[in-house]
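[1] Sequence plus the predicted model coming up.
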Amino acid sequence: MRHSKVVNHLGRTSSHRKAMLANMATSLIIHKRINTTTAKAKALRTYVEPLITKSKDDSTHSRRIVFSYLQDKKAVTELFREVAPKVGERPGGYTRILKTGSRIGDNADMCIIELVDYNEGMLAAGETAKAKTRRRRAPKKKAETAVAEAAPKAPKTSKAKTVEKAPEIVAETTVETVKEVENTVEAVVETNEENPEIVDEPIAEESFSEEEK
């Protein structure tokens, strides 16, 4: 049973495990990425990240402490000269683990562990993502006006032509109505001339009773 076992011994003795992690940390600092198993990568992350934090203070004391762990002058020089200035503003999280699948022989989980600030592809992708998220949406009114301006303007329809010809149409209609009225008046006059009795006939007075009066 685990019983709160924090350290993964990786099936090795203490001296063997420390030597292995020191060699892996040296390879990671020099080559910036290595391919290993996921269990070893997680153990290496807890081993090398405190050393990178220590390298931010470039002093003789810090160099001697880091050298006591790595036991490699070339790795110590690379760490303090190249890696430390690049990760100076980062408050931890200097490494990244990328899983690559299983190993063919024993089906062990494999991964790539790398220094975050040396993967230029992911850094470029992160910058583009930040640029996209920082864009602000335009207000609704501005968006509507922009859409209206972008829409193609329709040519003048027949309404404009009808508006231009409106006075002529009104004049024609008034002339026609006047002519119709004149024709009706002439027809009435002709009927009166033909039947004068209808015109001269007196209107009969209605008889009302005394009570109604």
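    Received, thanks. Numbers count the residues shown, from 1 in each chain.
[2] where in the chain is pLDDT low?
    Low-confidence segments of the chain, defined by pLDDT under 70: 126-127, 129-176, 178, 181, 185, 188-213.
[3] for it, what spans make up the helices?
    14-31, 38-55, 60-70, 73-78, 84-86, 120-134, 140-150, 158-164, 166-194, 196-200 (DSSP state H).
[4] I figured Thr38 hits Lys99, correct?
    Yes - the pair Thr38 and Lys99 qualifies as a contact (CB atoms under 8 Å) at a distance of 6.5 Å. The way it works is simple: take the backbone N, C-alpha and C, and place the C-beta from them, glycine included.
[5] So between these two, which is more surrounded?
    Using other CB atoms under 10 Å as the criterion, Thr38 and Lys99 rank with Thr38 on top: 16 against 11.
[6] Report the separation between the more buried one and Asn8.
    Distance, Thr38 to Asn8, using CB to CB, to the nearest Å: 11 Å.
[7] What degree of burial does the residue lying closest to Arg33 once chain neighbours are set aside show, as a neighbour count?
    In space, and not counting its chain neighbours, Arg33 is closest to Glu114: 3.5 Å by CB to CB, 6 or more residues apart in numbering. If you count neighbours by other CB under 10 Å, Glu114 ends up with 21.
[8] who's Glu114 bridged to?
    Arg33, Arg96 (DSSP bridges).
[9] returning to that earlier point: list the residues that contact both of Thr38 and Lys99?
    Residues touching both Thr38 and Lys99 by CB atoms under 8 Å, 6 or more residues apart in numbering: Asp109, Met110, Cys111.
[10] Please name the nearest non-neighbouring residue to the first one.
    In this structure, Asp109 finds its nearest non-sequential neighbour in Thr38, 4.2 Å apart by CB to CB, 6+ apart.
[11] just checking, Asp117 touches Glu89?
    No - with contact defined as CB under 8 Å, Asp117 does not reach Glu89; the gap is 9.6 Å.
[12] If you count surrounding residues, which of the two has more?
    A direct count of neighbours by other CB under 10 Å for Asp117 and Glu89 places Asp117 higher, at 17 against 8.
[13] In this structure the residue nearest to Arg33 contacts Arg96, no?
    Yes - assessed by CB under 8 Å, Glu114 is found in contact with Arg96 at 5.5 Å.
[14] Give me the neighbour count for the residue lying closest to Arg12 once chain neighbours are set aside.
    Distances taken as CB to CB, 6+ apart place Met20 nearest to Arg12, at 6.7 Å, with adjacent residues excluded. Per other CB under 10 Å, the neighbour tally for Met20 reads 16.
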